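Chemist: Have a look; sequence and predicted model below, questions after that.
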Amino acid sequence: MTASDISSLKDHVARFLTSHGPTEQTTIEALTLEDGHAHLILRTTAQGAAFLQQASTTLEEQVTQHPAVSSLTLSLTAHRPASRQPERAGAAEGHRPLALGKRPTGRSAPPEACLPDVKAVIAVASGKGGVGKSTTAVNLACSLARLGARTGLLDADIYGPSLPHMLGEDQKPTVEDGRLRPLERWGMETMSIGYLVEKEQAMIWRGPMVMGALTQLMSDVSWGTLDVLVVDLPPGTGDAQLTLTRKLSDRLQADGAVIVSTPQDIALLDARRGVTLFEKTGTPVLGLIENMSYFCCPHCQEKTDLFGHGGARKEAEALNIPFLGEIPLLRDIRCSADEGTPLVLRDPEHPASQAYRAIARTLMDKLAISGQQAAPSSRHPDQPMK
Ligand SMILES: Nc1ncnc2c1ncn2[C@@H]1O[C@H](COP(=O)(O)OP(=O)(O)OP(=O)(O)O)[C@@H](O)[C@H]1O
């Protein structure tokens, strides 16, 4: 990379911005080029960001036409309000920001500076969508918090953020010194792209924007000191997952992944791809959870193996990874998720809550996570925290 590469690349981007409206107020915040990979940060207004989201493919094509560039990561950052007071994210200029704020010092934090005070990161993944990954991540995170671990929960499921709904959280995070403050919910620090943008907006994001947003959700959020951060990954085994898991595994030896699958063959096939993905990035697979393992009739308690049963246990044995446990298909689990109070908090003694808690305990043992956080004395240990 030479200075003239950067300068001509900047001209390239500037030409794109002047020839495509409405981007008058968009400026190049930073541009770096390493081994042919360009990282471009644009500072823009909400209107410009909405446009850039749609035009990201064209911009990506234009930039990668430059001879020095083979790939691009694009991050958008909103114009900062003049006030130094904490702002509700989304309040600037009367719009919700379409990308996260960034640290005033310039470049995004390098991977080794990512989450420096987080002792362990658990990525919850699934090879396929709709298997209950987010439900599992939320109930596990709440169980970890109830077991006394200082817990964070990051919804990295950028295309379909479900955390705000499952946690019953509709506040907006505040921004302080250019960093987002996580929202405290149910005794955990929580962050989701769903707190910041409308679900439909996130769904149309292109790869580079997704990666920019995910990186910022990890490095530009003041997570503070945590024993464990549970990360709800997007479903599948695409580039987003690969990059994200690489970033996570770069930062700590103790990181591990939990894979959620239903007992069905097709879901297990996808789960196998998930295992391969983590092996590629050197992230230890902590184990497989079988969700919707069986249906338990709420009236007669009869068990029915709707999707077969035990497939995940067999698959775990075949892949030589631990089997962490099974969670039944229950109306109570679905209803409590929809009501915004995870089952482990709504009904801690429910057999399914106990199953989640047992898995959480196993994870704590595996990652040597301590449960030292003192529960507030006025609160009964089984009483959920706000
Ligand atoms: N064990 C369960 N019993 C009953 N309902 C469940 C269970 N697990 C998940 N669900 C329900 O299934 C639906 C999908 O769950 P969830 O959103 O957690 O899946 P996901 O794998 O994260 O999906 P996506 O890939 O779309 O993000 C939700 O309505 C949820 O309440």
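Modeler: Thanks, I have it.
Chemist: Any idea how far apart the tips of stretch 276-288 sit?
Modeler: 13 Å (C-alpha to C-alpha, to the nearest Å).
Chemist: Now do the buried residues in that stretch.
Modeler: The neighbour-count check on stretch 276-288 (16 or more other C-beta atoms under 10 Å) flags Leu277, Phe278, Thr281, Thr283, Pro284, Val285, Leu286, Gly287, Leu288 as buried. C-beta: built from backbone N, CA, C; applies to glycine.
Chemist: Which of the residues you listed fall within strands?
Modeler: Among these, the residues falling in strands (DSSP state E) are Val285, Leu286, Gly287, Leu288.
Chemist: So what does Lys303 have for phi and psi?
Modeler: The phi and psi values for Lys303, taken as degrees, to the nearest 10, are phi -90, psi 130.
Chemist: wait, doesn't it sit right on Phe295?
Modeler: Yes - taking contacts as C-beta atoms under 8 Å, Lys303 lies within contact range of Phe295: 7.1 Å.
Chemist: Looking at the ones in strands among the buried residues of stretch 276-288, spot the one nearest the ligand.
Modeler: Leu288 (14.1 Å; C-beta to the nearest ligand atom).
Chemist: Distance check, that closest one against Thr245.
Modeler: Counting by C-beta to C-beta, to the nearest Å, the separation of Leu288 from Thr245 is 16 Å.
Chemist: quick one on the thing from earlier: as a markdown table, the buried residues of stretch 276-288 with pLDDT would be great.
Modeler: Shown next, in a markdown table, are those (pLDDT from 0 to 100):
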| residue | pLDDT |
| --- | --- |
| Leu277 | 78 |
| Phe278 | 81 |
| Thr281 | 74 |
| Thr283 | 81 |
| Pro284 | 86 |
| Val285 | 89 |
| Leu286 | 92 |
| Gly287 | 93 |
| Leu288 | 92 |
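Chemist: Let me have those in TSV, extended by distance to the ligand.
Modeler: Formatted as TSV, those follow (distance: C-beta to the nearest ligand atom, whole Å):
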residue	distance to the ligand
Leu277	15
Phe278	17
Thr281	20
Thr283	19
Pro284	22
Val285	17
Leu286	18
Gly287	17
Leu288	14
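Chemist: about what we covered before: which of Lys303 and Phe295 has more residues huddled nearby?
Modeler: Neighbour count, other C-beta atoms under 10 Å: between Lys303 and Phe295, Phe295 has more, with 17 against 13.
Chemist: That one sits in which helix or strand?
Modeler: Under the criterion of DSSP states H and E, Phe295 resides in strand 285-296.
Chemist: C-terminal to that strand, what's the next element?
Modeler: With DSSP H and E, the next secondary element past strand 285-296 is strand 303-304.
Chemist: Next, work out how far apart the residue sitting nearest the centre point of the chain and the ligand are.
Modeler: When the chain is reduced to its mean C-alpha position, the nearest residue by C-alpha atoms, centre = their mean turns out to be Ala156, at 1.6 Å. According to C-beta to the nearest ligand atom, to the nearest Å, Ala156 and the ligand sit 11 Å apart.
Chemist: got it, and Ala120?
Modeler: For Ala120 relative to the ligand (C-beta to the nearest ligand atom), the value is 21 Å.
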